[in-house]
Each structure stands twice: as C-alpha cells, then as structure tokens.
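*Asks:* Need a 3D model of the sequence below.
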Amino acid sequence: MIDKCIHNDSYYRGTYTVTKDYLTLKFDQIVVKETYNDETKETKVEKRSLKITTIEFYITTCKTDNFALSRTDLKVLTKAFKEASEKANQTIKDLKKTKAWGQLQ
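*Replies:* The predicted model follows:
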C-alpha cells in the first residue's frame, strides 16, 4: 500500500484478502518513508519498524461502475477506481525501480 502525500510518500508491505464485501490488509511491521526536501531537491528514504494494525475496508459500488472503499474502523469514504491492466502493470514496474521498493525487500 502506498500512502501518497504530494512529496512525502509512505510505503507498506503485507498481504491482502478479499471476500465478497471486504478487503483486508495485513501489514508487515515496517514502513518506508520517502521525503522530498524542497530546498535541497533531495529525496530521503527511511525504513522504520512500526506497529501497524490490520485495516479492513467495506467494498461497495454505490450503484456505479466504480468501487468505493470505506474503512470499517474510521467510517471514511475513499474512492477507488479500477485501472486498465496495462496501466496497473506499468505502475508496478515503475514502483520496482524506486529506492523505496528496495527498502521494502
């Protein structure tokens, strides 16, 4: 899972399970943070051990062609869109070339 925030991204590794109505993410207990410094134009990558709890999302389509994921513990609605498989594959290839990916291994 990638938590994107303009120049500062957090990368999590783990496993997921999907049932009819739920997506469950179980994380390894590490996070890789990628931080960009506007002044130096440098990106710092840091791996840290962290206690990360399991996250569960309720899956619905809200009667549209898109999926909506709602965290069961926060009741926050998050939109998720299905990508074409070519775009998804390219995103994974690009991710595997980053320093953050190397730290997740």
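
*Asks:* Which strand in this protein has the most residues?
*Replies:* If you go by DSSP state E, the chain has its longest strand at strand 22-37.

*Asks:* Around the closest residue to residue 91 other than its chain neighbours, count how many other residues there are.
*Replies:* Nearest residue to residue 91, sequence neighbours excluded (Cβ to Cβ, 6 or more residues apart in numbering): residue 83, at 7.4 Å. Heads up, the C-betas are built off the backbone N, CA and C, glycines and all. A total of 11 residues lie near residue 83 under the criterion other Cβ atoms under 10 Å.

*Asks:* got a pLDDT number for residue 83?
*Replies:* As predicted, residue 83 sits at a pLDDT of 74.

*Asks:* hang on, isn't it packed against residue 92?
*Replies:* No: look at residue 83 against residue 92 with Cβ atoms under 8 Å: they stay out of range, at 10.7 Å.

*Asks:* re earlier: which secondary structure element is home to the residue nearest to residue 91?
*Replies:* Using DSSP states H and E, residue 83 sits within no helix or strand.

*Asks:* So what's the residue count around residue 55?
*Replies:* Residues contacting residue 55 under the criterion other Cβ under 10 Å number 19.

*Asks:* Report the distance from stretch 9-18 to the chain centre.
*Replies:* From the chain centre to the centre of stretch 9-18 is a distance of 6 Å (Cα atoms, centre = their mean, to the nearest Å).

*Asks:* Give the buried residues for the longest strand of the chain.
*Replies:* Across strand 22-37, burial judged by 16 or more other Cβ atoms under 10 Å covers 23, 25, 27, 30, 31, 32, 33, 34.

*Asks:* contacts for stretch 26-41?
*Replies:* For stretch 26-41, the surrounding residues in contact (Cβ atoms under 8 Å, 6 or more residues apart in numbering) are 1, 7-17, 42-55, 98-100, 103-104.

*Asks:* what ranges do the strands span in the protein?
*Replies:* Shown for the chain, the strands assigned by DSSP E span residues 2-3, 9-18, 22-37, 42-49, 55-60, 67-71, 77-80.
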